[in-house]
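Novice: below are the sequence and a predicted model; questions follow.
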Number of protein chains: 2
Amino acid sequence: MAKITPRTLSGFKDFLPKEAVHKENLLHQLIAIFRSFGFLPIETPHLEYAEVLLKQGSDEIQKELYRFKDHGGRDVALRFDLTLPLARYISQHRHEVGIPFKRYAIGNVFRGERAQKGRYREFTQCDFDFIGSDSLVCDAEIVQLICAALESLNVGGFKVFVNHRKILNGIAEIAGVSEKIQDLLRIIDKLDKIGSEGVSAELEKELGLSAKSIQTILELVNLKQTGDAIEFIDSVINRYSSVSLNEGLNELKIFFQILTAANIADKIKIQFSIARGLGYYTGIVYETLLDVLPSIGSVCSGGRYDYLTQNFSEDKLSGVGASIGLDRLLAALDELKLHQQKFCGTLVIVMDSQYFPYGVKVATQLRMQGNVVELYPDIVKLKKSLGYANLHGYDQAAIIGEEEVKEQEFTLKNMQTGEQQRIKLQVK
Amino acid sequence: MAKITPRTLSGFKDFLPKEAVHKENLLHQLIAIFRSFGFLPIETPHLEYAEVLLKQGSDEIQKELYRFKDHGGRDVALRFDLTLPLARYISQHRHEVGIPFKRYAIGNVFRGERAQKGRYREFTQCDFDFIGSDSLVCDAEIVQLICAALESLNVGGFKVFVNHRKILNGIAEIAGVSEKIQDLLRIIDKLDKIGSEGVSAELEKELGLSAKSIQTILELVNLKQTGDAIEFIDSVINRYSSVSLNEGLNELKIFFQILTAANIADKIKIQFSIARGLGYYTGIVYETLLDVLPSIGSVCSGGRYDYLTQNFSEDKLSGVGASIGLDRLLAALDELKLHQQKFCGTLVIVMDSQYFPYGVKVATQLRMQGNVVELYPDIVKLKKSLGYANLHGYDQAAIIGEEEVKEQEFTLKNMQTGEQQRIKLQVK
């Protein structure tokens, strides 16, 4: 029979056990944080009517959609994010779940992007959103979750950089370029990458702005919060006058009062050049950088959006939420060697197949003491089974030969030091 | 703008938070068991080259495949189980992961079946397999996992019914119908549903067997283990003579010696009519029924298969594994009202928006004590926010008004009894 070459599709990835266990541990820690704030999980299908996914998302994302006809001739597609399915879900189940609605969702999404190193066509998203309340308490809570999550992961220091869409609108107003706001946001967002000069050049070349407008914009987006956030906000309110700017700043002020009560205000920094989300976000937005690895980019981003359900209903339903960059966080934990404390476990090895029932007793005894315990299933040279123990990171081996069985004991070997001791079997 | 009807595809399902949290809790418990036996997770893509999925699986499953051309014109399909991706994975990564290889996999699979009540086109499978060893220790370990899993879920009593493919081959030998083994297995598998008379009628009508052959077959498949398994095995060995039958029985004997050492032999019963898996399984097979809900069918089934990687390589790699019927288990837990002990949590309610920062302090204090704590984000009538607390099953509400803030306290209300007490705020 002709054999098939075992291979994954280009841009798709198998997780080896070591990677998969890190991911599972990470998600487990995140879920505990989500739950402690009263967020609950939901699940939606991987496959949706294409129309559910078509109206939003950039042209690029639309081109990348895995879209096909199903057995019934329906026009269907694999989801490319968890936000559009959420919009469909909340429109459909609004009365079953109740408002306000707090959910997290962890699931895979699909984008037929050009294959690039480190970018996959299927990847896991981890989103948490607070739907149906305009209260700034929700915005603050999402940031509390981000801080609690990163603290529980122990990745060292981090900063959440925040901005407000209305502040950006205000900057455009002050510079007299409100009608070009979308392009302005796109260019401002590059400040970190191309610097003030780069931004200045693009504003002149692409938008034809005057030197004065450009100067005003750069002055504002380069304002840095040095001391206390509320003092900084007040100083900006006193210096510039714009309705939008002031609205945005006043909302940030209330937001910071809550963060101060939550004792995390020192981790949050205002930065007027954060312009992510463009058309989508309508309120406070944020990005999160790790102090030791800022180069990997934001590990958690999000913000407030007012038009979640607009494709499905006339009812406005606003939300605020964020998405954790799992791949980036996993890469960071890897680089910082912070994955899971040392693995502890015991490999039970028997020297003759007649001792397997005895080996099972020993394994059961050790497992009941809370250990991870594996019984090596074959009779091989001790060197080979000890090699297996090393490969899998077991820190102990329990070795069982004739003498051990006779004495109803087992030999426990420390895999690191090589020390051995005899232990009595306790179970019958 | 025209609105889209929010709907899922026929045969696909949204999980409401209550269902999703039960599923997450269940998986969490299962994962702890898998890990304690040294099994580790792997992940494979939802989408594979169609050829990887085409060679195995019944014709019916092939017709149900979600298969399409991707952006690069590749012939791709959504996986319909986790076994064929495992076969591809182990063929591809054999040297990276090492043999023997123990993995669990939890993931969604897709089958475009005709829509029926309680059957979905996308559903979650939960598989655990022990690859690359012929030792009966592995077979016994898979059954240990099943028992440990069901015990941890606390679903009451259960029985694992076991058989051996070689015993079924032996029965066919003794009845002189070895060449019709596949049809024989298919009909025997119906014994529970259609009884001895039904099976007898089908054996006569479909296979044209003689009355004597039918009698022998029925006598054997109806043999019931009453007392000790090993005594039962010995009694059958003494009564019938067939090479296959004896091989199967002798393997079951070793298997039971290990189960006895693991102290679970009393949960396992031999039953010669278990004929699941047909062509696929080659050794010991099993099904698991709950004592109180046998009608829902097997909640965990599996067995040994010798030709896992045959589509990809000439190397034989045998495995033994089982699959947990998550939907059935969830339905059982639901019916038995065994889902998660009572939920405990506190909803924090503030009576005026200026108290939100204070409310965040109270919420943080309660959360640090290990509680699930939610802060209601809006200012509404107390009746409405208390209704929300009831809807979400919170057993306490922490209410904060002017007086509480003045005294740096909060009022803790027991949602069941209505009792209230004042508690001091401890954090600053």
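Specialist: On my side now, so go ahead.
Novice: how near is A:Gln144 to chain B?
Specialist: Using C-beta to the nearest C-beta, to the nearest Å, we find A:Gln144 at a distance of 8 Å from chain B. The way it works is simple: take the backbone N, C-alpha and C, and place the C-beta from them, glycine included.
Novice: for A:His71, same thing?
Specialist: 4 Å.
Novice: do the same with A:Ile254
Specialist: 8 Å.
Novice: what's the helix or strand for that residue?
Specialist: Following DSSP states H and E, one finds A:Ile254 within helix A:243-261.
Novice: residues in contact with that helix?
Specialist: Residues from elsewhere that reach helix A:243-261 (C-beta atoms under 8 Å, 6 or more residues apart in numbering or on different chains): A:136-137, A:139-140, A:143-144, A:162, A:164-171, A:173-174, A:229-230, A:233-234, A:236-237, A:265, A:268, A:270, A:283-284, B:356-358, B:360-361, B:364.
Novice: kindly report the same for stretch A:304-314.
Specialist: Outside stretch A:304-314, the residues touching it (C-beta under 8 Å, 6+ apart) are A:55-56, A:83, A:86-88, A:90-92, A:131, A:138-139, A:277, A:280-285, A:315-321, B:1, B:3-6.
Novice: and those residues, which of them are buried?
Specialist: Listed as buried from these are A:55-56, A:83, A:86-88, A:90-92, A:131, A:138-139, A:277, A:280-285, A:317-321, B:4, B:6; burial here means 16 or more other C-beta atoms under 10 Å in any protein chain shown.
Novice: among these, which are located in helices?
Specialist: By the criterion of DSSP state H, membership of these in helices covers A:Thr83, A:Leu86, A:Ala87, A:Arg88, A:Ile90, A:Ser91, A:Gln92, A:Cys138, A:Asp139.
Novice: between these, which is closest to B:Asp127?
Specialist: Minimum separation from B:Asp127 among these (C-beta to C-beta) is found for A:Leu86, which lies at 29.0 Å.
Novice: so what's the closest one up against?
Specialist: By C-beta under 8 Å, 6+ apart, the contact set of A:Leu86 is A:Ile42, A:Thr44, A:Arg103, A:Ala105, A:Asp127, A:Asp129, A:Ile131, A:Leu308.
Novice: hmm, 7 Å instead?
Specialist: Residues in contact with A:Leu86 (C-beta atoms under 7 Å, 6 or more residues apart in numbering or on different chains) are A:Ala105, A:Asp129.
Novice: any idea how far it is from A:Phe110?
Specialist: Separation of A:Leu86 from A:Phe110 (C-beta to C-beta, to the nearest Å): 16 Å.
Novice: what does A:Ala363 give?
Specialist: Per C-beta to C-beta, A:Ala363 is found 41 Å from A:Phe110.
Novice: A:Gly227 now?
Specialist: In terms of C-beta to C-beta, A:Gly227 sits 46 Å off from A:Phe110.
Novice: more neighbours, the two?
Specialist: Per other C-beta atoms under 10 Å in any protein chain shown, whichever of A:Gly227 and A:Phe110 has more neighbours is A:Phe110, with 25 against 8.
Novice: ok, that one - contacts?
Specialist: So A:Phe110 contacts A:Tyr66, A:Leu78, A:Arg79, A:Phe80, A:Arg121, A:Glu122 (C-beta under 7 Å, 6+ apart).
Novice: if we go to 10 Å?
Specialist: A:11-12, A:46-47, A:64-66, A:77-81, A:120-123, B:45-47, B:70 (C-beta atoms under 10 Å, 6 or more residues apart in numbering or on different chains).
Novice: and for A:Lys384?
Specialist: A:Ile349, A:Tyr376, A:Asp378.
Novice: near chain B, which of the residues you listed show up?
Specialist: Filtering the contacts of A:Lys384 for proximity to chain B by C-beta under 10 Å from any C-beta of the partner chain leaves A:Tyr376, A:Asp378.
Novice: the contacts of A:Lys384 in strands, which ones?
Specialist: Counting by DSSP state E, the part of the contacts of A:Lys384 found in strands is A:Ile349.
Novice: out of the contacts of A:Lys384, which end up buried?
Specialist: The neighbour count (16+ other C-beta under 10 Å) marks A:Ile349, A:Tyr376, A:Asp378 as buried among the contacts of A:Lys384.
Novice: let me know whether the second one touches A:Tyr388 as I believe.
Specialist: Yep, that's A:Tyr376 we're talking about. Yes. Here A:Tyr376 reaches A:Tyr388: they are 6.5 Å apart, a contact under C-beta atoms under 10 Å.
Novice: need the overlap of contacts for those two.
Specialist: A:Leu347, A:Ile349, A:Ala397, B:Pro100.
Novice: which parts of the stretch 51-200 of chain A are strands?
Specialist: Taking DSSP state E, counting those that start in this stretch to define them, one finds strands in the stretch 51-200 of chain A at A:67-69, A:75-78, A:101-110, A:122-131, A:158-164.
Novice: just give me the neighbour total for A:Ile106.
Specialist: By other C-beta under 10 Å, the residues close to A:Ile106 number 19.
Novice: mind listing the residues bridging to it?
Specialist: A:Cys126 (DSSP bridges).
Novice: ok, the buried ones among the contacts of A:Lys384 vs chain B, which is closest?
Specialist: Nearest to chain B among these: A:Asp378, at 5.3 Å, using C-beta to the nearest C-beta.
Novice: separation between that closest one and A:Asp127?
Specialist: Distance, A:Asp378 to A:Asp127, by C-beta to C-beta: 45 Å.
Novice: residue contacts, whichever residue of the stretch 1-150 of chain A sits closest to chain B?
Specialist: Chain B sits closest to A:Gly38 of the stretch 1-150 of chain A, with a gap of 3.1 Å, by C-beta to the nearest C-beta. A:Gly38 makes contact with A:102, A:130, A:141, B:345-348, B:363, B:367, B:372-376, B:392, B:394 under the criterion C-beta under 10 Å, 6+ apart.
Novice: and those, which is closest to A:Thr417?
Specialist: Of all the contacts of A:Gly38, A:Thr417 sits closest to B:Arg367, with 42.0 Å by C-beta to C-beta.
Novice: what about that closest one, neighbour count?
Specialist: If we define neighbours as other C-beta under 10 Å, then B:Arg367 has 22 of them.
Novice: what does A:Thr364 give?
Specialist: If you count neighbours by other C-beta under 10 Å, A:Thr364 ends up with 19.
Novice: just list the residues touching it, thanks.
Specialist: A:Val348, A:Val373, A:Leu375, A:Val427, B:Gln144, B:Ala148, B:Ala261, B:Ala262, B:Asn263, B:Ile264.
Novice: ok, it to A:Leu386 distance?
Specialist: Applying C-beta to C-beta, the value for A:Thr364 to A:Leu386 is 22 Å.
Novice: go on, A:Lys180?
Specialist: Using C-beta to C-beta, one gets 69 Å for the distance from A:Lys180 to A:Leu386.
Novice: before we move on, back to that, and the ones in helices among the buried ones among the contacts of stretch A:304-314 as CSV, adding pLDDT and distance to B:Ser210?
Specialist: Below are those laid out as CSV (pLDDT from 0 to 100; distance: C-beta to C-beta, whole Å):
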residue, pLDDT, distance to B:Ser210
A:Thr83, 92, 67
A:Leu86, 96, 64
A:Ala87, 94, 66
A:Arg88, 96, 61
A:Ile90, 96, 65
A:Ser91, 95, 65
A:Gln92, 96, 60
A:Cys138, 97, 76
A:Asp139, 97, 80
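Novice: can you list the domains in chain A?
Specialist: A:10-156+A:294-341, A:158-290, A:345-424 (automatic domain parsing).
Novice: of those, which is nearest B:Ala331?
Specialist: Nearest to B:Ala331 among the domains of chain A is domain A:10-156+A:294-341; the distance by C-beta to C-beta comes to 16.2 Å.
Novice: just list whatever residues bridge to A:Gly303.
Specialist: On the basis of DSSP bridges, A:Gly303 is bridged to A:Val285, A:Gly321.
Novice: how much space between it and chain B?
Specialist: Counting by C-beta to the nearest C-beta, the separation of A:Gly303 from chain B is 16 Å.
Novice: on that earlier part again, how about the buried ones among the contacts of A:Lys384 in CSV, adding pLDDT?
Specialist: Listed next are these as CSV, based on pLDDT from 0 to 100:
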residue, pLDDT
A:Ile349, 97
A:Tyr376, 96
A:Asp378, 95
